[in-house]
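Asks: Fold the following for me, if possible:
(one chain, ligands or ions: 1)
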Amino acid sequence: MDLRYGKQRHLDYLYRRLQQTCKVKSRTSVCYVENLNRVMNKMLGKSSKSKKVKRLGCCFRDYNRFYIYIEKNMGFEIKAQTLVHEWAHLMTPFNVPDHGRKWAENYCKAYRSVYRTK
Ligand SMILES: [Zn+2]
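Replies: The predicted model follows:
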């Protein structure tokens, strides 16, 4: 990847690229948040001990908008990969299994649009 414009700007570029090449049915927002586990537990009304696995990212729908939340305290590459992973969820109907066949196909599409070779 070409990082000449800086890492956050490059993440923004990847996000725009996903928007253009891998259309989803609602408008989207991507938020980079510190301590995603705590934020999500609060949103879901769970105690801070209820999720042992550290979340890197998550996505959800609120009214007619899709949101992707990504942990801020991570390196560029893992943020980029998390963005692609979560975007594949937005491309996939919410009533099919997480990380199933349909999601995997969409993940491939999203991955190729971001990590295309020249
Ligand atoms: Zn997932």
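Asks: drop to CA atoms for contacts and neighbour counts, all remaining ones
Replies: Fine.
Asks: Can you give me the neighbour number for Tyr67?
Replies: Counted with other CA atoms under 10 Å, residues neighbouring Tyr67 total 20.
Asks: Repeat that for His85.
Replies: Tallying neighbours of His85 according to other CA under 10 Å, which is how burial is gauged here, yields 22.
Asks: Tell me the spacing between it and Tyr69.
Replies: 12 Å (CA to CA, to the nearest Å).
Asks: now Pro93
Replies: Between Pro93 and Tyr69 the distance is 18 Å, computed by CA to CA.
Asks: between those two, who's got more neighbours?
Replies: Applying other CA under 10 Å to Pro93 and Tyr69 shows that Tyr69 carries more neighbours, namely 23 against 14.
Asks: Nearest residue to the more buried one in space, please, no chain neighbours.
Replies: Across the structure, with CA to CA, 6 or more residues apart in numbering as the measure, the residue nearest Tyr69 apart from its sequence neighbours is Cys31 (4.9 Å).
Asks: check contacts around Asn64.
Replies: Shown here is Asn64, whose contacts under the criterion CA atoms under 8 Å, 6 or more residues apart in numbering are Ser26, Arg27.
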